[in-house]
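Asker: Okay, here's the prediction I keep looking at, along with the sequence it came from:
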Amino acid sequence: MAIAIECQKRPEGSKPNALRREGLIPAVLYGHQGTESVELTLDEKKAIQLMKDAIVNKTVIELSIPHLSWNGKTVLHEVQSHPWKPEPYHFSFFAVKE
């Protein structure tokens, strides 16, 4: 079962805590083009739904980044949660070769 999700490129110089106050969760995509990594943001509501639907390192996620015109298959590698609140803090994705 593949899950489709859309992320936005993180604005240059943005602070993670400021993004979280705006309802955005910081994320990173590794292996975007070879060894390149891309800093992203994800809507908080979509992030919570992703935490419910995806299994770390097992679920294939169709990730699209409109700003970079990139669509591809990824695997959710790591989810960091807030220490005492059940809120997502940061996501890490790995690109999967076709």
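Answerer: Everything's here; your move.

Asker: Residue nearest the middle of this protein, spatially speaking?
Answerer: Ala27 (4.3 Å; CA atoms, centre = their mean).

Asker: Roughly how far does the residue nearest to Asp53 when sequence neighbours are not counted sit from Arg21?
Answerer: Excluding its sequence neighbours, the residue lying closest to Asp53 (CB to CB, 6 or more residues apart in numbering) is Ile3, at 5.5 Å. Quick note: C-beta positions are derived from backbone N, CA and C, even for glycine. For Ile3, the distance to Arg21 equals 26 Å [CB to CB, to the nearest Å].

Asker: Compare those two (neighbour count), which wins?
Answerer: Counted by other CB atoms under 10 Å, Ile3 and Arg21 do not tie: Ile3 has more neighbours, with 15 against 9.

Asker: contacting residues for the more buried one?
Answerer: Shown in contact with Ile3 (CB atoms under 8 Å, 6 or more residues apart in numbering): 50, 53-54, 59-62.

Asker: mind running it again at 10 Å?
Answerer: Shown in contact with Ile3 (CB atoms under 10 Å, 6 or more residues apart in numbering): 49-50, 53-54, 59-63, 74, 76.

Asker: Could you do Asp53 as well?
Answerer: Neighbouring residues of Asp53 by CB under 10 Å, 6+ apart: 1, 3, 5, 59, 61, 76.

Asker: I appreciate the help and will end here.
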